[in-house]
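*Asks:* Everything below, folded, please.
(one chain, ligands or ions: 1)
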Amino acid sequence: MSLLVVGSVAYDAMESPYGKVERTLGGAATYFAVSAAFFTRVNLVAIVGDDFLPDDEACLCARTIDIEGLERAPGKCFFWAGRYSENLNERVTLATDLNVFAEFKPRLPEKYRKAKYVFLANIAPDLQRDVLKQVTGKPKLVAMDTMNYWIERTNDELLKTLKHVDILMINDSETRQLSSEHNLLRAARRIFKMGPSTLVVKRGEYGAMLVDKHGVFCVPAFPLEQPYDPTGAGDSFAGGFMGYLAEAGSTSDAALRRAMVYGSVLGSFTVERFGLERLLKLKKREIEARARHFAKLTQFTL
Ligand code: AMP
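*Replies:* Purely as a prediction, here's the structure:
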């Protein structure tokens, strides 16, 4: 089952206590697509400039990622730079240069329009809605991400988009900001009134929590002795989560729980190296081995 993603394909610069990278392929849609492609075919909708390197294009094409929806425009790719604190929990954004992204009007190629699984990565909420309008027929599952910038500046647009979405996947501070509730369960109840029937809260090194009508399900983050760079971990989580569901062709409670584990597995591999480095070398058998490790990690008897 193919999976549609719309979002950023970017060049990133990162600094952390463990090193520095000046310019490397990144973007929310890139992390998502590379992670999801371990499970299913991914149709990518994004925009790049004329500085997008042939090697980076080849890197996407070498996987089950269709790039017919990757528009090329005169100008530069989206560029983002960030610096992490000693404990990697805090991040300062040093630069967000929209470049060609400023004029982005997502256009779905004909063959993407019957998408059954859709992920709207973190972009302007009106563009997210625009993509949904181009999908013909009813998708089986629509999930989305957003961030403080859109919650603060385009709240009305965001609320309109949320009405069409099944799963909202955001971090804990975004959850609190969107719902004006500190408690995450009460926050979930408020968010359900906005449209989504499921909330997935990404909590960095504390794992992730899914709340829906069945109740709550939590997964830990995989304990790593040496995390390097958390950039893209949330998008890789989303890629593992949606990729698994699209492959399984199911949104049952059991499938959603397994999707949470695969999300956490992909997120954990991403932080092991800078940028996409670890994901690009990753093998499916390593994903399965780590998923089995998760089962052991969380098993107990009463
Ligand atoms: P995350 O660490 O999950 O927040 O994702 C980081 C990725 O998102 C980086 O590769 C950036 O290129 C991309 N990114 C950062 N800011 C934005 C933004 N405002 N819109 C779209 N993508 C962004």
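*Asks:* what does the stretch 201-302 of the chain put close to the ligand?
*Replies:* Thr231, Gly232, Ala233, Gly234, Asp235 (Cβ under 6 Å from any ligand atom). (C-beta placed from N, C-alpha, C; glycine too.)
*Asks:* Can you name the next helix or strand after the longest helix seen in the chain?
*Replies:* Of all segments of type helix in the chain, defined using DSSP state H, the longest is helix 253-271. Following helix 253-271 in sequence order, the next helix or strand is helix 277-281 (DSSP states H and E).
*Asks:* Distance from that following helix to the middle of the chain?
*Replies:* Helix 277-281 has its C-alpha centroid displaced from the chain centroid by 16 Å (Cα atoms, centre = their mean, to the nearest Å).
*Asks:* Provide a list of residues in contact with Arg23.
*Replies:* Residues near Arg23 by Cβ atoms under 8 Å, 6 or more residues apart in numbering: Tyr11, Asp12, Ala13.
*Asks:* Redo those residues as CSV? Include pLDDT and neighbour count.
*Replies:* Output for the contacts of Arg23, formatted as CSV (pLDDT from 0 to 100; neighbours: other Cβ atoms under 10 Å):
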residue, pLDDT, neighbour count
Tyr11, 98, 25
Asp12, 97, 26
Ala13, 97, 19
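*Asks:* so which of those would you say is closest to Gly215?
*Replies:* Of all the contacts of Arg23, Gly215 sits closest to Asp12, with 37.0 Å by Cβ to Cβ.
*Asks:* Surely Ile167 and Val200 touch.
*Replies:* Yes: the pair Ile167 and Val200 qualifies as a contact (Cβ atoms under 8 Å) at a distance of 6.1 Å.
*Asks:* ranges for the helices of the stretch 1-150 of the chain?
*Replies:* Along the stretch 1-150 of the chain, counting by DSSP state H, counting those that start in this stretch, helices occupy 28-36, 54-61, 125-134, 148-153.
*Asks:* Neighbours of the nearest residue to Ala255 once chain neighbours are set aside, how many?
*Replies:* Closest residue in space to Ala255, ignoring its immediate chain neighbours: Ala248 at 4.9 Å, by Cβ to Cβ, 6 or more residues apart in numbering. Neighbours of Ala248 under the rule other Cβ atoms under 10 Å: 18.
*Asks:* unless I'm mixing things up, Ala248 is touching Ala254, no?
*Replies:* No: at 9.3 Å, Ala248 does not count as touching Ala254 under the criterion of Cβ under 8 Å.
*Asks:* ok, now how distant is the closest residue to Asp145 other than its chain neighbours from the ligand?
*Replies:* Among residues not flanking Asp145 along the chain, Asn122 sits closest, at 4.6 Å (Cβ to Cβ, 6+ apart). Per Cβ to the nearest ligand atom, to the nearest Å, Asn122 is found 5 Å from the ligand.
*Asks:* Contacts only, for Asn122.
*Replies:* Gly7, Ser8, Ala28, Asp145, Thr146, Met147, Trp150, Asp235.
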